[in-house]
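Asks: please work out how this folds:
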Amino acid sequence: MALSGKLTKKLVENLGAGRHGDGSGLYLVVDPSGARRWIVRVVVKGQKNKKGAPLRTDFGLGGADIVTINQARERALEYRRMAKQGMNPRFNARQEVPTFEEVAQQVHIDRMPTWKNAKHGQQWINTLRDYAFPKIGRMPIDSIHQPEVMMCLAPIWTEKHETARRLAQRIKIVLDVARSKGFRSGENPVTAIKDARVLPKVTAKPKHHKAMHWKDVPAFFSDLKTRSAIAAKALMLTCLSCSRTGEVLGMRWAEVDFDERVWTCPAERMKTGDDHRVPLTAEMLAIVEPLKAMGSEYVFEGQNRNQPLSNMSMLMLLRRMNIEGATVHGFRSAFRDWASEVTNAPREIAEKSLAYTVGSDVERAYARSDLLEKRRELMCMWSQFVASRCN
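Replies: Coordinates of the predicted model:
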C-alpha cells in the first residue's frame, strides 16, 4: 500500500520556489531556477549537535524528476526509522542510485527545449547511445570513475577524435548533473582525465567544404538556370544569397518582405542563433516570385504538400550535373574569395553577408547594426556577376 501525504504529483510538478512539506519531515524543495529535489528532516536519537541540542539534520533524497513522490516517502520513512534507532542516515542509508543511462536520458529530456533543432538534440543522445551506453549504461552512476570513462573514450580517441571529444563533453555533463542531484561526489573523472593528459594529443586537420572557384560560378549558374526543377531554383538562390542549406530549404513566404526586398531568416534556423536579414536582389526576386503561384507554405516545396525540399536535394542535383570538387556549402567560400579578390568591400561587410559573428562581445555590444544597405550593394554586385553568363 502506497504511503500518503499532503503533496500530489501535480503539485510536485507545478509548485513554485520554496520548501513545501509533505508531512513527517519530508519536503519538496523548489529552487528559483525551477530545479526540484526531495529532502527529509530527522532527529537522530541520542545524538547532540555542537550546542548540546538533539541532532536535527536534513538529508537529500534525490531530484524530483528522477525520484517519484512515493519513492521519496518510502526513503523518508526508512531514514526516520534509522534516526529513531540512533543510527545516522548519512552513514547507514542505502540509496537507490540510478544508472548512467537513466540519468543521461533524463538530461536529454530536460534539455530538449534548449536544442537548436530536433536533429541536434538527437545527435546528443545518439553519441552516448553508440559509444557509452553499451559499456557503462547499466552501471550505477556513482560507480563510474576514470577507468570506466576511459573504456568509452580510448577506442575512438584517435580514429574518431571529434566524436570522442563530443562524447567526453556529454559524459561530463551527465556526471555533473548526477552530482548536483546527490548521486555522486568528488571530482568529475572526465575533468581528471583531461587535466592529467592521459589520452594522447591529437592534432585535427581542419576539413573545409569543397568549393567551386569563383570564376567558374557564372558558367555553372547559367547551366543551372536552364533547369526547371525546384531543387535547381533553391540552388540558384543559395548561390546568390550565400546562405546555408537549411536556411534556404526552410524558407517560408511569411519570412519574405517584398516591399522592403528583405528575407528574414529566423534565429532557430541560424547557426549564430540570431535573426538574419538577407537583402533580396533583382536576380533573387526573379527566382522567388514565380514560385508564389504554387500556394505552398514553403518557398521551395518538396514532394509532400506544404513540406520543404529534402536536405539532400541540392547536393543530389550537383551530382546529376556531374559537378565534382564542389559542395552546396562551398558557394559561400566562392563568394568570400570573390569579395576579397575583386571588390573593395570591408571585411565586416563580407563576413556579415555570410551571417558570421564579427568582433568581440564588447564590439558587438556597440555595433548593433546589421549593415543591411551596405550588404545589399555587395550582394547586388555578386548577383550581377553570378548571372553574367545567363544572356
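Asks: please count neighbours and contacts with C-alpha atoms only from this point.
Replies: Fine.
Asks: who's in contact with the residue lying closest to residue 85 once chain neighbours are set aside?
Replies: Of all residues not flanking residue 85 in the chain, residue 45 sits nearest, at 6.4 Å (C-alpha to C-alpha, 6 or more residues apart in numbering). Residues in contact with residue 45 (C-alpha atoms under 8 Å, 6 or more residues apart in numbering) are 54-55, 83-87.
Asks: low pLDDT regions in the protein?
Replies: Counting by pLDDT under 70, the chain shows low-confidence ranges at 1-2, 49-50, 88-96, 116-118, 204-209, 358-368, 391.
Asks: outline the domain layout of it.
Replies: Domain segmentation of the chain under automatic domain parsing yields 9-92, 100-196, 214-389.
Asks: so how far is the longest one from its chain's centroid?
Replies: Centroid displacement of domain 214-389 relative to its chain, using C-alpha atoms, centre = their mean, to the nearest Å, is 24 Å.
Asks: and that domain, end to end?
Replies: In domain 214-389, first residue to last residue: 13 Å (C-alpha to C-alpha, to the nearest Å).
Asks: pick out the residue nearest the middle of this structure.
Replies: With distances taken as C-alpha atoms, centre = their mean, residue 115 lies nearest the centre of the chain, 3.8 Å away.
Asks: can I assume it is in contact with residue 124?
Replies: No: in this structure, residue 115 is not within contact of residue 124 by C-alpha atoms under 8 Å, at 9.4 Å.
Asks: for the biggest helix by length in the chain, list the C-alpha coordinates in PDB.
Replies: If you go by DSSP state H, the chain has its longest helix at helix 161-180. The C-alpha trace of helix 161-180 is given here as PDB (Å, rounded to 0.1, in the frame of the first residue of the first chain):
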ATOM      1  CA  HIS A 161      38.700  12.300 -32.400                       C
ATOM      2  CA  GLU A 162      35.900  14.800 -32.900                       C
ATOM      3  CA  THR A 163      33.300  12.300 -32.000                       C
ATOM      4  CA  ALA A 164      35.300  11.200 -28.900                       C
ATOM      5  CA  ARG A 165      35.700  14.900 -27.900                       C
ATOM      6  CA  ARG A 166      32.000  15.400 -28.000                       C
ATOM      7  CA  LEU A 167      31.400  12.100 -26.200                       C
ATOM      8  CA  ALA A 168      33.700  13.300 -23.400                       C
ATOM      9  CA  GLN A 169      31.700  16.600 -23.100                       C
ATOM     10  CA  ARG A 170      28.400  14.700 -22.900                       C
ATOM     11  CA  ILE A 171      29.600  12.200 -20.400                       C
ATOM     12  CA  LYS A 172      30.900  15.000 -18.200                       C
ATOM     13  CA  ILE A 173      27.500  16.800 -18.400                       C
ATOM     14  CA  VAL A 174      25.700  13.600 -17.300                       C
ATOM     15  CA  LEU A 175      28.100  13.000 -14.400                       C
ATOM     16  CA  ASP A 176      27.800  16.700 -13.300                       C
ATOM     17  CA  VAL A 177      24.000  16.500 -13.300                       C
ATOM     18  CA  ALA A 178      24.200  13.300 -11.200                       C
ATOM     19  CA  ARG A 179      26.400  15.100  -8.700                       C
ATOM     20  CA  SER A 180      24.100  18.000  -8.400                       C
END
